[in-house]
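Engineer: from the sequence below, what's the structure:
(chains A, B, C and D)
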There are 2 protein chains.
Amino acid sequence: MSKALQRIRPLERNETLAGRAHDELRTAIMAGRFRPGEKLTIRAVAAALEISLTPAREALFNLVAEGALESGPNGSVHVPTLDEARITEITRIRLALEGLAAREAALLMDDAAIEDARRLNDLIIKANRKQDYAAVIRHNWQFHFRIYECARMPVLVRMMESCWLKTGAYLNLIYPEFGRSEDGLRNHAAIVRAIERRDPVALETAIRRDIEFAARILAKAIRAEPELQ
Amino acid sequence: MSKALQRIRPLERNETLAGRAHDELRTAIMAGRFRPGEKLTIRAVAAALEISLTPAREALFNLVAEGALESGPNGSVHVPTLDEARITEITRIRLALEGLAAREAALLMDDAAIEDARRLNDLIIKANRKQDYAAVIRHNWQFHFRIYECARMPVLVRMMESCWLKTGAYLNLIYPEFGRSEDGLRNHAAIVRAIERRDPVALETAIRRDIEFAARILAKAIRAEPELQ
DNA sequence: AGCGATCATCTGATATAACGTATAACCTGC
DNA sequence: GCAGGTTATACGTTATATCAGATGATCGCT
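Structural biologist: Got it, this is the predicted structure:
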């Protein structure tokens, strides 16, 4: 086989309609474009994406299986809602998983990854200044997972993504407040310093602080709008 | 609403053909009834369960989305295979997740749960003596998850299940050896002692030892049969 | 006016058919 | 005998039709 042929990757599954629908919904969830508790009917998704019921249904229930959406008693699918117990549970899981990923990534990050993280953090700061919270959310995701993927633990990455997806619908709720506080930016600065020094303990500490900070703001936002529970 | 009506649970999704197929495949995977790498075609599953392609397909791809099965380039679905890197990754994840669950469960287990765990451990010992490894696998699952569910962290439970499912196909590979060694039984005895004393640290330690022991045997079994990679 | 029943509509579940692609057996030419 | 192409079969993907259950509104009765 030629060198050029070795470079090209095998076709991924998301070239199918169901796969594309899955990706589309996934990024929409992460971007917080659905309200917590919002009901997603098969037919509405099919109509919105201009596909038939079969791939729309497959995308929805795959997201349910992933834990990104929830299914009601009669097969209806909605965006998950979070109460405080669920938030503390997810937070504790994130501390365990992302702590592990952080320790490992600190040892394995190469210069390109460190530079990417630094650049993404700058983008977050800029977007936050412009109050472009959609960009903040997107770059924050990229920032964290650019680090985590350096741990070379794909199963772990999928589980961390699952945690993030569960809280995705609430991100728009917290970001105005997140931006106002300086703590979020300080935590990210500490993360960048830790990866520059390739210090596993410092990185885990900084990541933990970031997670706990986000959890506090999220809990406060939910207490403020209890109808979203 | 009456007290009695609050007790009854809403209909679960597995009353549908797709849900039942999902459960059926899931328990088959856990029981190690499929070989690692075995290909599961939609039509074969549909024929075996005497259902049409639609629910069979849904069950298969939901298991893929859960991480219990893997999908190849052209949409084919197979039982996951594990190399040593994957085993160490899953082991490290399990240590993090099940360690968290163990610490929490130790504080929350009531007498009924402790009694159940003791009873399940006895069943494991008996089944092991009879060399009924299918029963050992089943009771081992029940033993661990009877403990973990006491942590009241449903998201965490699903993630731990996902880890167990990934290694399910290899369980038959390791159990003859697992039974021969006394270490497995010793670890379980330590687990039972720790939950009787409701000691979080001791329980986490014992669980960790059990996980690491299982990982060692699994890695050895895979090294012995490299064609299964 | 309040309650309950009936009916229309919405929605999910499943089967089936049609389509395109991969896989592999076979066949041909060298 | 072997390489390369061809064809048939198997398989995944998608759309559509049909059915059943849930939902909600309207109408009638008390």
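Engineer: can you tell me how far whatever residue of chain A ends up closest to DNA strand C sits from DNA strand D?
Structural biologist: With C-beta to the nearest atom of the strand, the shortest gap between chain A and DNA strand C falls at residue A:75, namely 2.6 Å. From N, CA and C alone the C-beta is placed, and that goes for glycine too. To DNA strand D, residue A:75 is 9 Å away according to C-beta to the nearest atom of the strand, to the nearest Å.
Engineer: you'd agree that residue is in a strand?
Structural biologist: No. Per DSSP: H, G, I helix; E, B strand; the rest coil, residue A:75 lies outside any strand segment and is coil.
Engineer: state the pLDDT value of it.
Structural biologist: Residue A:75 carries a pLDDT value of 87.
Engineer: and if you look at residue A:173?
Structural biologist: Residue A:173 is given a pLDDT of 79.
Engineer: now it: closest residue in space, sequence neighbours ignored.
Structural biologist: Once flanking residues are discounted, residue A:173 sits nearest to residue A:221: 4.5 Å by C-beta to C-beta, 6 or more residues apart in numbering or on different chains.
Engineer: please apply the same query to residue A:114.
Structural biologist: Residue A:114's closest residue in space is residue A:195 (C-beta to C-beta, 6+ apart), at 5.5 Å.
Engineer: just the strands in chain A please.
Structural biologist: A:39-40, A:70-71, A:77-78 (DSSP state E).
Engineer: out of those strands, flag the one nearest chain B.
Structural biologist: strand A:70-71 (5.7 Å; C-beta to the nearest C-beta).
Engineer: average pLDDT across the closest one?
Structural biologist: 94.
Engineer: repeat for stretch A:15-30
Structural biologist: So the average pLDDT for stretch A:15-30 ends up being 93.
Engineer: tell me if it is near DNA strand C.
Structural biologist: No. Against DNA strand C, stretch A:15-30 shows no contacts by C-beta under 7 Å from any atom of the strand, the least distance being 9.7 Å.
Engineer: what's in contact with that stretch?
Structural biologist: A:12-14, A:34, A:40, A:45, A:49, A:51, A:54-56, A:58-60, A:62-63, A:68-69, A:79, A:137, A:141, A:164-165, A:168-169, A:171, B:61, B:75 (C-beta atoms under 8 Å, 6 or more residues apart in numbering or on different chains).
Engineer: same deal with stretch A:58-75?
Structural biologist: A:18-19, A:21-22, A:24-26, A:29, A:40, A:42, A:45, A:77-80, A:162, A:165-166, A:168, B:10-13, B:16, B:18, B:57-58, B:61-66, B:155, B:158.
Engineer: and what of stretch A:152-162?
Structural biologist: A:66-68, A:94, A:97-98, A:100-101, A:104, A:108, A:145, A:148-149, A:151, B:67, B:86, B:89-90, B:92-93, B:159, B:162-163, B:166.
Engineer: which parts of chain A sit against DNA strand C?
Structural biologist: Contacts of chain A with DNA strand C, taken as C-beta under 7 Å from any atom of the strand, map to A:11, A:39, A:41-44, A:53-54, A:57, A:74-77.
Engineer: pull out the buried members of those residues.
Structural biologist: A:42, A:57, A:75, A:77 (16 or more other C-beta atoms under 10 Å in any protein chain shown).
Engineer: for residue A:64, see how far away the third one is.
Structural biologist: Right, residue A:75. Residue A:75 sits 10 Å away from residue A:64, going by C-beta to C-beta, to the nearest Å.
Engineer: next: the last one.
Structural biologist: Here residue A:77 is placed at a distance of 6 Å from residue A:64 (C-beta to C-beta).
Engineer: residues in contact with the residue nearest the centre of chain A?
Structural biologist: Nearest to the geometric centre of chain A sits residue A:164, at 3.8 Å (C-alpha atoms, centre = their mean). Residues near residue A:164 by C-beta under 8 Å, 6+ apart: A:30, A:141.
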